[in-house]
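In: based on what follows, work out the 3D shape:
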Amino acid sequence: GVMFLQTARSVGAGWPGFFAPYEPATLYLVMDSNDWDRVRFDQPSQSEDWVPEVAQAWMRGEGEAPILVAVRRKGESDTPLPDAGDPRKVSLKIDINEYVSGQTWHDLKKLSLENGSSAPLREGFAWIVHRQAEPLYGYPAAYSGWVRLFINGEEAGLYASTEQRDETFLRNHDVYSPTCTWLYKVDGTTALEVGVSNSPAYINLQFLPFNSGPGGGGKPPSGDSTPDLDAYLPRWIDMRGMLTLAACNAFTENSDSLFTHDGKNTFCVDFYPPYPRTRRYYPWDLDTGINQGTASIYGSTQYQTTILNHPWFGRVYEHILRELLDGPLSVEALTNVLARMESGLSAAALSDPYVYPNGAADEFGSLRAWVATRNANIRAQFRHPFVPRPAFNHPGGEVAPGFTLTLSAPTGTVYYTVDGTDPRAPGGAPSASALAYTAPLAVDGHLSVIARTLVGTNWCGLPAEAAYSLASHGSALRVTELMYNPVDLNLSDSR
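Out: Model (predicted):
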């Protein structure tokens, strides 16, 4: 057999240190046994009438002093383990500043611990998939980690720990403003969680699918029942981020998400002014998915038919999926992810009293097989011809005087702009400021370039972008010799 060395991990400094994707932190909760019974036997509900049972508890990480926190049960759909008659491993919400005003723990005020039902490694892996896609999101959308939890000295098991969406989340990601930032929970309705009144984006997205659910209604301010989405949506939404969310949820076969369940289990952040920083979408509750690897990447919900079936946004969606499958979600990349997970989490999985009684080797083997199946299955579902982004001969940054930028593509015409706008206009024609690339571009000062390839009537779904400036040291001055004469701090040893 294989022996795993089990050690307790202390939490790294600051909130990012808590969300380590490949190694569990150890947490200890101590509370009155009757209070724990009230919490664990509670029945979570999404109904507004549900009043959760809350208990005081002392919480500490490895090597830390305990702090007073509030604990309640969460996760209506999460299966209590070992069973509902004796629920000892249940999903929990920990409120760190409920009883001590302003108290934080590693810069966090709330913890969300997901028990993962019978497959916590699968739920945690789904979160890592979204985290892997951060280069395509364009912002950090999915910090998550792991917790090995003990309650009153008894091991509860391995939990996925996800970054709570709240004001602290906005502050930690440096996007909070008391009057210029809004956080919404999109879960059948779009409900304001943080912010004053409603955002401009919210007000201007009052049409399907954005107002689906019991709280919907109204039309966009233009009076049109459905505006020209190609031009309209990018004014209010970071479409690349939104479609990366859709791509990751499609990859993991998540059936209970923004696109697959018409506006469920998602958060979004809006800004003022609403442009150029537009609405960002963030995933939540990733406990449904990773099934047979054969789920469709399309569907019949309002979000899917309106946005994924749109002739342009469908192309962007597939372009994102292709770049994910060739990069951070490739078989090779995710096999490496699973190897790191297996190395860091196997001991905690084996120690869990309620899942993986023989260890997690079979689960990791199943996940590796699923990754290969899913990658191939998605590639067989693409509808649109693929046009890759143009290539630049330099990734951006400082360049030496005399540098010239070349843009290239295997076929078609490369169009570019230097004014920060998209070379593709809504509707598909080159924009008014787009230039067809014919010769290298001289970098005489600051230069920002956005470029797309056009092949026939097909544009690449994502642009190539880079900014350049002349190096401050870029002059004719050259260092030819260094003379070094340090101060002697110990004259007594001089000879």
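In: leaving out chain neighbours, which residue sits closest to residue 425?
Out: residue 431 (4.1 Å; Cβ to Cβ, 6 or more residues apart in numbering). Where you see a C-beta, it was placed from the backbone N, CA and C, and this is true even at glycine.
In: shouldn't residue 387 be in contact with residue 461?
Out: Yes - in this structure, residue 387 is within contact of residue 461 by Cβ atoms under 8 Å, at 7.4 Å.
In: correct me, but the residue nearest to residue 425 touches residue 419?
Out: No - Residue 431 lies out of contact with residue 419 (Cβ under 8 Å); the separation is 9.6 Å.
In: higher neighbour count, the two?
Out: Higher neighbour count among residue 431 and residue 419: residue 431, with 17 against 9, using other Cβ atoms under 10 Å.
In: how close does that one sit to residue 421?
Out: 6 Å (Cβ to Cβ, to the nearest Å).
In: do residue 397 as well
Out: 22 Å.
In: likewise residue 283?
Out: Distance from residue 283 to residue 421, by Cβ to Cβ: 30 Å.
In: neighbour-wise, which of these two wins?
Out: Neighbours of residue 283 and residue 421, each counted by other Cβ under 10 Å, are more numerous for residue 283; the result is 28 against 13.
In: quick check: nearest residue in space to that one, chain neighbours excluded?
Out: In space, and not counting its chain neighbours, residue 283 is closest to residue 130: 5.3 Å by Cβ to Cβ, 6+ apart.
In: and the one you found, that's in a helix?
Out: Yes - counting by DSSP: H, G, I helix; E, B strand; the rest coil, residue 130 is located in a helix.
In: show me the contacts for it.
Out: Residues in contact with residue 130 (Cβ atoms under 8 Å, 6 or more residues apart in numbering) are 137, 141-142, 245, 248, 283, 286.
In: if we go to 6 Å?
Out: 141-142, 248, 283 (Cβ atoms under 6 Å, 6 or more residues apart in numbering).
In: which of these fall within strands?
Out: residue 283 (DSSP state E).
In: residue 208: which of the contacts of residue 130 is nearest?
Out: Nearest to residue 208 out of those is residue 283 (Cβ to Cβ; 21.7 Å).
In: and the closest one, how far is that from residue 161?
Out: 15 Å.
In: same question for residue 98.
Out: 18 Å.
In: those two - which one has more neighbours?
Out: Between residue 98 and residue 161, counted using other Cβ under 10 Å, the more crowded position is residue 161 (25 against 17).
In: and the more buried one, what element?
Out: strand 154-162 (DSSP states H and E).
In: with residue 207 instead?
Out: Residue-wise, residue 207 maps onto no helix or strand under DSSP H and E.
In: same question for residue 121.
Out: Counting by DSSP H and E, residue 121 is found in helix 120-132.
In: give me the mean pLDDT for that helix.
Out: Average pLDDT, helix 120-132: 97.
In: go on, stretch 461-478?
Out: Rounded mean pLDDT across stretch 461-478 is 81.
In: next: stretch 90-104.
Out: Per-residue scores along stretch 90-104 average to 97.
In: what score does the residue nearest to residue 425 have for pLDDT?
Out: So residue 431 comes in at 98 (pLDDT).
In: surely it and residue 416 touch.
Out: No - when contacts are counted by Cβ atoms under 6 Å, residue 431 is not listed as touching residue 416 (10.4 Å).
In: shared neighbours of the two, anything?
Out: residue 423.
In: report the rounded mean pLDDT for stretch 250-268.
Out: Averaged over stretch 250-268, pLDDT sits at 96.
In: now do the end-to-end distance for it.
Out: 19 Å (Cα to Cα, to the nearest Å).
In: and that stretch, how far out from the chain's middle?
Out: 13 Å (Cα atoms, centre = their mean, to the nearest Å).
In: how far does stretch 255-265 stretch from one end to the other?
Out: Using Cα to Cα, one end of stretch 255-265 lies 10 Å from the other.
In: buried sites along it?
Out: Buried residues in stretch 255-265, counted by 16 or more other Cβ atoms under 10 Å: 256-265.
In: those strands in the stretch 1-150 of the chain, which residues are they?
Out: Secondary structure of the stretch 1-150 of the chain (DSSP state E, counting those that start in this stretch): strands at 25-30, 54-61, 67-73, 81-83, 86-89, 92-95, 110-114, 144-151.
In: okay, now residue 414: neighbour count?
Out: 23.
In: what does the one 10 residues further on give?
Out: Applying the criterion other Cβ under 10 Å, we find 22 residues in the vicinity of residue 424.
In: who does it bridge with?
Out: Residue 424 has these beta-bridge partners by DSSP bridges: residue 430.
In: okay, it and residue 416: tell me how far apart.
Out: Counting by Cβ to Cβ, the gap from residue 424 to residue 416 is 11 Å.
In: coming back round to it: residue 244 versus the residue nearest to residue 283, what's the distance?
Out: From residue 130 to residue 244 the distance is 8 Å (Cβ to Cβ).
In: for the residue lying closest to residue 193 once chain neighbours are set aside, what are phi and psi?
Out: In this structure, residue 193 finds its nearest non-sequential neighbour in residue 183, 4.6 Å apart by Cβ to Cβ, 6+ apart. Dihedral pair for residue 183: phi -110, psi 120, per degrees, to the nearest 10.
In: hmm, residue 183 is touching residue 196, no?
Out: No - using Cβ under 6 Å as the test, residue 183 is too far from residue 196 to be in contact (11.5 Å).
In: out of the two, which sits in the busier spot?
Out: residue 183 (22 against 11).
In: for the more buried one, give its distance to residue 172.
Out: 13 Å.
In: and residue 30, by the same measure?
Out: 27 Å.
In: tell me which of those two has more neighbours.
Out: Using other Cβ under 10 Å, the more surrounded residue of residue 30 and residue 172 is residue 172, with 18 against 14.
In: for residue 48, see how far away that one is.
Out: 28 Å.
In: now do residue 110
Out: Distance check for residue 110 against residue 48: by Cβ to Cβ, it reads 20 Å.
In: for those two, indicate the residue with more neighbours.
Out: Shown here are residue 110 and residue 48; by other Cβ under 10 Å, residue 110 has more neighbours (21 against 6).
In: how far away is that one from residue 71?
Out: Taking Cβ to Cβ, one finds residue 110 at 11 Å from residue 71.
In: before we move on, what about residue 372?
Out: Distance from residue 372 to residue 71, by Cβ to Cβ: 40 Å.
In: more neighbours: which of those two?
Out: The neighbour comparison of residue 372 against residue 71 (other Cβ under 10 Å) goes to residue 71, with 25 against 13.
In: the more buried one: what's it in contact with?
Out: 39, 55, 57, 92, 94.
In: residues near the fourth one, how many?
Out: Around residue 92 there are 25 other residues, counting by other Cβ under 10 Å.
In: in space, what's closest to it - neighbours in sequence excluded?
Out: Nearest residue to residue 92, sequence neighbours excluded (Cβ to Cβ, 6+ apart): residue 113, at 4.6 Å.
In: hey, what's that neighbour bridged with?
Out: Here residue 113, judged by DSSP bridges, has bridge partners residue 92, residue 161.
In: that one and residue 159 touch, don't they?
Out: Yes - shown here, residue 113 and residue 159 form a contact pair, counting by Cβ under 6 Å, at 4.3 Å.
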